[in-house]
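Fold the following.
(one chain, ligands or ions: 3)
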Amino acid sequence: MTDLAGRFRQLWDEIAPIGRDPRSGGYLRYALTEPELRLRDWFRDQAARRGMPVTDDGNGNLFAWWGDPEAGDAVLTGSHFDSVPHGGAYDGPLGIVSAFLAVDELRTAGVAPVRPLALGAFVEEEGARFGVPCLGSRLLTGALAPQRAAGLVDADGVSFAEAWGGPPAGARPELLGRFAAFVELHVEQGRALIEADAPVAVADAIWPHGRWRLDFTGEGNHAGTTRMADRRDPMLTYAFTVLAANKEARLRGAHATVGRVAVEPNATNAIPSKVTGWLDARAAEQETLSGLVEAVHAKAAERARRDGTDVLLTEESATPLVAFDGGLAGRLAALLGAPVLPTGAGHDAGVLAAHLPTAMLFVRNPTGVSHSPAESATDADCAAGVTALARVLEELACR
Ligand code: HGY
Ligand code: MN
Ligand code: MN
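Ligands and ions are numbered 1, 2, ... in the order given. Next up is the predicted model:
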């Protein structure tokens, strides 16, 4: 194991146990809950050990600074700590741990930035607690109104404002204006680097994607005494819609997932009165994505008429195609000799890309699986990611 791989493992092992569910092996690191708060404390401690002052933007995003936080023209790197339920270890934290190690690599090499370097930890990237992904970066950039964010509630009815300890600050143009570029390192959430036989890649685009809530309502009733012909069962309409979403996505070469469902009253012996399902839909082009969602909604409404139920579609978040700064991606790919890949996964980099030159680096995931305990990355590839990030930061901040 190279020294850097050893140092990666040592730092990684400091956070690996935090929020890990012993039963599934996955992570329960919901934004601003105890595990994620511990990770934020770890972030502050790592920054302090490196003499890096930490600021937050009033929205829950943390920034550790190598250089003057007020000077401007800063290069930002980092990612997020929060996870999906029973998510993998690397999605998010890899970008933050790698950033601290990249700073160490630069310092060991005697390289000092000529402009500030900032390490960011963005809050609620997954949207697993409050339902809107990239909540922190959307607040920072003004893509999400602070009033809407403040009122978002988790499964226990706790609002983001209560969890954060007050209303979020919202857009911070004066802070955003102090960043000249953002580079996010992230574990790859697919198999492209396995097939490319490369440890690191540069991203060129993020597919358009979004989340839509589907509320199916019918008539709750007794499972044993209600004749089949008399039922208005929203579970039927929901089940049909899930199958329709899968078919319509396949027909379009798109991706559609219904991975989350809520049933009222959710009793074995009661016909549901309401079923809520969340559609995650993604496609390489916006037109395909819009067509997919429209088709799913139309199929759901048609089936609802047959079932005597009602269906309501509500968009909860939408992200247009993100084409990363082509010049920057090409420059980094040449610098690293790395392949260039698109991704279907959303990231804070996708939000910031609308405001400043932004790039992403991917680190190989030998299982190709993500949002699951099976997500993985080898120490050697993570060390290669640190080396690549250090070279990129040297290129962008030290010349
Ligand atoms: O859902 C996503 O694409 C990201 O992991 N938040
Ligand atoms: Mn994720
Ligand atoms: Mn992520």
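
Not counting its neighbours along the chain, what's nearest residue 327?
Spatial nearest neighbour of residue 327, excluding adjacent residues (CB to CB, 6 or more residues apart in numbering): residue 357 at 7.8 Å. The C-beta positions use only the backbone N, C-alpha and C, and glycine is treated the same way.

before we move on, what about residue 90?
residue 187 (3.8 Å).

and that neighbour, what does it touch?
Contacts for residue 187 (CB atoms under 8 Å, 6 or more residues apart in numbering) come out as 88, 90-91, 94, 362-363, 365, 370, 375, 377.

still on that earlier bit, neighbours around the residue nearest to residue 327, how many?
Residues within reach of residue 357, counting by other CB atoms under 10 Å, total 19.

please begin residue numbering at 56 from this point
That works, and once the first residue is 56, the last one we named lands at residue 412.

ok, it touching residue 378?
No: if you go by CB atoms under 8 Å, residue 412 and residue 378 don't touch, sitting 12.0 Å apart.

who in this structure is up against ligand 1?
Within the chain, the positions near ligand 1 by CB under 6 Å from any ligand atom are 180-181, 188, 400-401.

of those residues, closest to residue 136?
Within the residues of the chain next to ligand 1, proximity to residue 136 (CB to CB) peaks at residue 180, which comes in at 8.4 Å.

Show me what from the chain comes close to ligand 3.
Applying CB under 5 Å from the ion, we find that the chain lies next to ligand 3 at 146-147.

domains for the chain, by residue range?
What automatic domain parsing lists as the domains of the chain is 58-262+376-452, 264-374.

Comparing those domains, which comes out most buried?
When the domains of the chain are scored by mean count of other CB atoms under 10 Å, the highest mean neighbour count falls to domain 58-262+376-452 (a mean of 20).

Helix, strand, or coil at residue 312?
For residue 312, the assignment made with DSSP: H, G, I helix; E, B strand; the rest coil gives strand.

I'd say it and residue 351 touch.
No: taking contacts as CB under 8 Å, residue 312 lies outside contact range of residue 351: 11.5 Å.

Can you pull the residues that touch both of the two?
Residues touching both residue 312 and residue 351 (CB under 8 Å, 6+ apart) are 300, 334, 336.

Against which helices or strands is the longest helix seen in the chain packed?
With secondary structure taken from DSSP state H, the chain has its longest helix at helix 341-362. Packing partners of helix 341-362 (3 or more CB pairs under 8 Å, 6 or more residues apart in numbering; DSSP states H and E): strand 264-272, helix 289-307, strand 329-337, strand 365-374.

And for the helix or strand following the first one, what's in contact with it?
Tracing the chain C-terminally past strand 264-272 and defining elements by DSSP states H and E, one meets strand 276-277 next. With CB under 8 Å, 6+ apart as the test, strand 276-277 has contacts from 285-286, 324-326.

Now do the SS call for residue 191.
helix.

what's the pLDDT at it?
The per-residue pLDDT reported for residue 191 equals 98.

In this structure it contacts residue 177, no?
Yes: using CB under 8 Å, residue 191 is in contact with residue 177, at 4.2 Å.

Spell out which residues are contacts of both of those two.
116, 135, 403.

Closest to residue 221 out of the residues you listed?
residue 116 (14.8 Å).

So that closest one versus ligand 3, what's the distance?
Counting by CB to the ion, to the nearest Å, the gap from residue 116 to ligand 3 is 14 Å.

export the residues of the chain next to ligand 1 to a markdown table and tack on secondary structure, distance to residue 347 and pLDDT?
Formatted as a markdown table, the residues of the chain next to ligand 1 follow (DSSP: H, G, I helix; E, B strand; the rest coil; distance: CB to CB, whole Å; pLDDT from 0 to 100):
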| residue | secondary structure | distance to residue 347 | pLDDT |
| --- | --- | --- | --- |
| 180 | coil | 24 | 98 |
| 181 | coil | 22 | 98 |
| 188 | coil | 18 | 97 |
| 400 | coil | 17 | 97 |
| 401 | coil | 16 | 97 |
